[in-house]
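K.L.:
Okay, sequence plus prediction incoming.
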Amino acid sequence: MGLYGEYIMKLDEWFEKNRYKCQSFSNIKRLVRLKKEKGLTISLCIPTLNEEKTLGKVLDTVKPLMDKHHLLDEIIVIDGNSTDSTKDIAEMRGAKFFRDSEILRRYGSVGGKGDALWKALYVSQGDIIIFLDADIKNIHPRFVYGLIGPLLTQNNINFTKAFYRRPIKVGEKIVPLGGGRVTELLIRPLFNMYFPELSAFIQPLSGEYAGRREVLEKLSFFTGYGIETSLLIDISKKYGLETMAQVDLKKRVHRNQDIASLSNMSFGILQVFTKRANTMGKLIQVKDIRRSYNTIERYRNDHNKIDYKMKPKLIREKQRPPIITINEYRKKFNKESDPSWEKYTLQKIVYTDLDGTMIDHHTYSYIDSLDAINLLKKKKIPIIICTSKTRAEIEKYRISLNIRDPFISENGGAIFIPKNYFKFEYSFDKETSKYKIIEFGTSVETLRKILDTIKQQGYRITTFEDMSETQLAKDAGLKKEEAQAAKLREYDEAFKIRNKKDTEKITQIITDEGYNHTKGGRYAHIMGQNDKGKAVLILTELFRRKYKDLGRETKTIGLGDGQNDIPMLKEVDIPIIVKNTANPELDVDFDVKRTRQNGPKGWSRSVKELI
């Protein structure tokens, strides 16, 4: 039959075996008995945002399952700062009410359904947690007992997902199967193409599902509408499709969103899908995953005629780490003495500039940072050199420090990944005997032609190409062999502007020609559309994919001191500006940490404190 036929048979088997009907679990007394026999508790969590029209009916319907039948142990409402009477309705009916902005305040409030569910894991107590949307107009107890049933009757089931008929109102007419538009137009085709094992979920984006705490606490949660997509991908990957089930809840009636809202939702879901597909090697997108979404709006112009305008909108799905990695959570649930959670801790990755940070600005020595470098290597934390220096220059430090991790050369011109470093397939542009290379930069020959044009206009600049090895060695304080390595440029040309008054005019010429420029510790640089930040984003995605299989989330740390480091610092989780008295203090418009000590000493202290 072949592999494909066997795979289809396996998926078909799962589709039949792990698909349940809610009425199979309508014997609530039996479920309560099983719950007591297994010593389990069950929490129902309802995320809300201005749901006063439907929340009361939802709570009135499910509350007897707690007060009368004792199937539920608690009902919790997690609210996204509603401005209507949602809070009063919840508390009047005996539900526990929390505003998500007041839960785990140290970690901030992002907003969105996924963030509410992540925080629900902290405030709830149950061994089994059910998530139920608040806008269900035809609410019935089956929405609860249907999802709980397989988790109580089948020990191997970790997660249950709802499916149902979703009628949609079109004008005055009700179309029985008109709902699920984002599912059918976006997610089902994507699942079939890249995650075919998930194509058998009838309603992959349904908002009702339940799972065991011991599973949910070990998963990342995206904060927006992408949460349903990521949970299916992650649970299937980590625990296997056989631990998942879907339950027919018959019919769900709710308010239908307009096309514009569904379009925004789809873009957020697509962000999450792309990130997960990148991480798992299903789809490698070498360019940035977009966060800006261009929408088209109709309006009446000054002549009272219908016109159109394009309006960009920022849609960003933030990823929360597995909540078991949060100290407060482990303390609350007495997991501090359980060493098993440690394999789910964050895997740190350090991106660092060289001159004035890890090595001394004047002497190029790394003696003051050596202890911290050795600590990183001992803890198996990747050290990613991300600098304006050339491949040849970086290799010298990698050899002397025995650093074997990838590196980024010439202000994000290229990523050099040692062969066999990542044990999976990914896209790259070149391959040598030592590296797989992902290129972002423009060839140095093209860049030098632009600088030649600037010289011809009468501006006095001196490029690395203009200087002999001896001249460059003297100018930069290098040894002759180090100057030779510095001249072996591939994606960026360094130069000096002899008359500082010309700086603005020269950089404007570079910009007008369609190229970028930046300033390092000593020299100006011309380059293509690359920068350190773009390279960091792509390499981080590859690391996320590597550590995902180990159940770890990544935490990126960036250390730099110059203007050319700003794009890198913007893209890491913990940006650190290293004090460098040889250059003016770097001014940025985002939150950063700053070292108190200068150069490698400040670099070393910051690394040790974070590790």
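P.N.:
Nice, I can see it.
K.L.:
Could you list the buried residues of stretch 482-497?
P.N.:
Under the neighbour-count criterion of 16 or more other CB atoms under 10 Å, stretch 482-497 has 482-483, 485-487, 489-495, 497 buried. C-betas here are computed from N, CA, C, even on glycine.
K.L.:
Just name the closest of the residues you listed to Q457, please.
P.N.:
Closest approach between these and Q457, by CB to CB: I497, at 13.1 Å.
K.L.:
now the closest one: how far from T61?
P.N.:
Counting by CB to CB, to the nearest Å, the gap from I497 to T61 is 73 Å.
K.L.:
quick one: which helix or strand includes the residue of the chain most remote from its centre?
P.N.:
Distance from the centre of the chain peaks at G458, with 47.7 Å (CA atoms, centre = their mean). Counting by DSSP states H and E, G458 is held by no secondary-structure element, helix or strand.
K.L.:
Next, give phi and psi for it.
P.N.:
For G458, the backbone dihedrals (degrees, to the nearest 10) come out as phi 100, psi 0.
K.L.:
quick revisit: format the buried residues of stretch 482-497 as TSV; extra columns: secondary structure, pLDDT and distance to D127.
P.N.:
Output for the buried residues of stretch 482-497, formatted as TSV (DSSP: H, G, I helix; E, B strand; the rest coil; pLDDT from 0 to 100; distance: CB to CB, whole Å):
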residue	secondary structure	pLDDT	distance to D127
E482	helix	91	61
A483	helix	92	65
A485	helix	92	60
A486	helix	92	61
K487	coil	93	64
R489	coil	94	60
E490	coil	95	57
Y491	coil	94	54
D492	strand	91	56
E493	strand	93	62
A494	strand	92	60
F495	strand	94	64
I497	strand	93	66
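K.L.:
L11: which of these is nearest?
P.N.:
Closest approach to L11 among the buried residues of stretch 482-497 (CB to CB): Y491, at 45.7 Å.
K.L.:
Assess the claim that A277 and L198 are in contact.
P.N.:
No. Using CB atoms under 8 Å as the test, A277 is too far from L198 to be in contact (11.7 Å).
K.L.:
What segments of the stretch 251-400 of the chain are strands?
P.N.:
Remark: strands assigned in the stretch 251-400 of the chain by DSSP state E, counting those that start in this stretch are 292-300, 306-314, 319-320, 347-352, 383-386.
K.L.:
looking at the ones you listed, which is closest to N155?
P.N.:
With CB to CB, the closest approach to N155 among the strands of the stretch 251-400 of the chain belongs to strand 319-320: 28.5 Å.
K.L.:
What mean pLDDT does the closest one get?
P.N.:
The pLDDT scores in strand 319-320 average 84.
K.L.:
so who does I557 touch?
P.N.:
By CB atoms under 8 Å, 6 or more residues apart in numbering, I557 lies in contact with K348, I349, V350, Y351, V572, D573, I574, I576, V607, L610.
K.L.:
C-terminal to the helix or strand of the chain with the lowest mean pLDDT, what's the next element?
P.N.:
When each helix and strand of the chain is scored by mean pLDDT, DSSP states H and E, strand 173-175 comes last, with a mean of 53. Toward the C-terminus, strand 173-175 is succeeded by helix 181-182 as the next helix or strand (DSSP H and E).
K.L.:
roughly how far apart are K331 and E208?
P.N.:
Taking CB to CB as the measure, K331 falls 31 Å from E208.
K.L.:
do P584 as well
P.N.:
To E208, P584 is 56 Å away according to CB to CB.
K.L.:
Give me the more crowded residue out of these two.
P.N.:
The neighbour count for P584 versus E208, taken as other CB atoms under 10 Å, is higher for E208 (23 against 9).
K.L.:
How about that one, nearest residue that isn't a chain neighbour?
P.N.:
The spatially closest residue to E208, leaving aside those adjacent along the chain, is A162, at 3.9 Å (CB to CB, 6 or more residues apart in numbering).
K.L.:
Am I right that that neighbour is in a strand?
P.N.:
Yes. The assignment for A162 is a strand, going by DSSP: H, G, I helix; E, B strand; the rest coil.
K.L.:
unless I'm mixing things up, it is touching K250, no?
P.N.:
No. With contact defined as CB under 8 Å, A162 does not reach K250; the gap is 10.0 Å.
K.L.:
When the two are compared, which one has more neighbours?
P.N.:
Between A162 and K250, counted using other CB under 10 Å, the more crowded position is A162 (24 against 15).
K.L.:
What's opposite the more buried one in the beta bridge?
P.N.:
Here A162 sits in beta bridges with V247, as judged by DSSP bridges.
K.L.:
Show me the contact partners of stretch 145-152.
P.N.:
By CB under 8 Å, 6+ apart, stretch 145-152 touches 18, 20-22, 24-26, 28, 31, 34-35, 38, 40, 42, 65, 71, 128, 130, 157-158, 160, 162, 208-212, 245, 247-249.
K.L.:
So which of those belong to helices?
P.N.:
I28, L31, L34, K35, L65 (DSSP state H).
K.L.:
Of the residues you listed, select the buried ones using a PyMOL command.
P.N.:
In PyMOL syntax, the buried subset of the ones in helices among the contacts of stretch 145-152 is picked out as below (16+ other CB under 10 Å):
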select buried, resi 28+31+35+65
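K.L.:
Make a markdown table from the ones in helices among the contacts of stretch 145-152 and add pLDDT to it.
P.N.:
Shown next, in a markdown table, are the ones in helices among the contacts of stretch 145-152 (pLDDT from 0 to 100):
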| residue | pLDDT |
| --- | --- |
| I28 | 97 |
| L31 | 98 |
| L34 | 98 |
| K35 | 97 |
| L65 | 97 |
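K.L.:
Tell me the one of the ones in helices among the contacts of stretch 145-152 nearest D258?
P.N.:
L65 (33.6 Å).
K.L.:
pretty sure that closest one contacts L31?
P.N.:
No. Look at L65 against L31 with CB under 8 Å: they stay out of range, at 9.6 Å.
K.L.:
any common contacting residues for the two?
P.N.:
Common contacts of L65 and L31 (CB under 8 Å, 6+ apart): L71, Y145.
K.L.:
In CSV: the buried residues of stretch 482-497, plus distance to P189.
P.N.:
Shown next, in CSV, are the buried residues of stretch 482-497 (distance: CB to CB, whole Å):
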residue, distance to P189
E482, 54
A483, 55
A485, 50
A486, 50
K487, 51
R489, 45
E490, 40
Y491, 37
D492, 41
E493, 45
A494, 47
F495, 50
I497, 53
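K.L.:
For L539, state which of these is nearest.
P.N.:
Closest to L539, out of all of the buried residues of stretch 482-497 and judged by CB to CB, is Y491, at 15.5 Å.
K.L.:
in the helix or strand encompassing I506, what counts as buried?
P.N.:
Secondary structure from DSSP H and E places I506 in helix 503-512. For helix 503-512, a neighbour-count test (16+ other CB under 10 Å) marks I506, T507, I509, I510 as buried.
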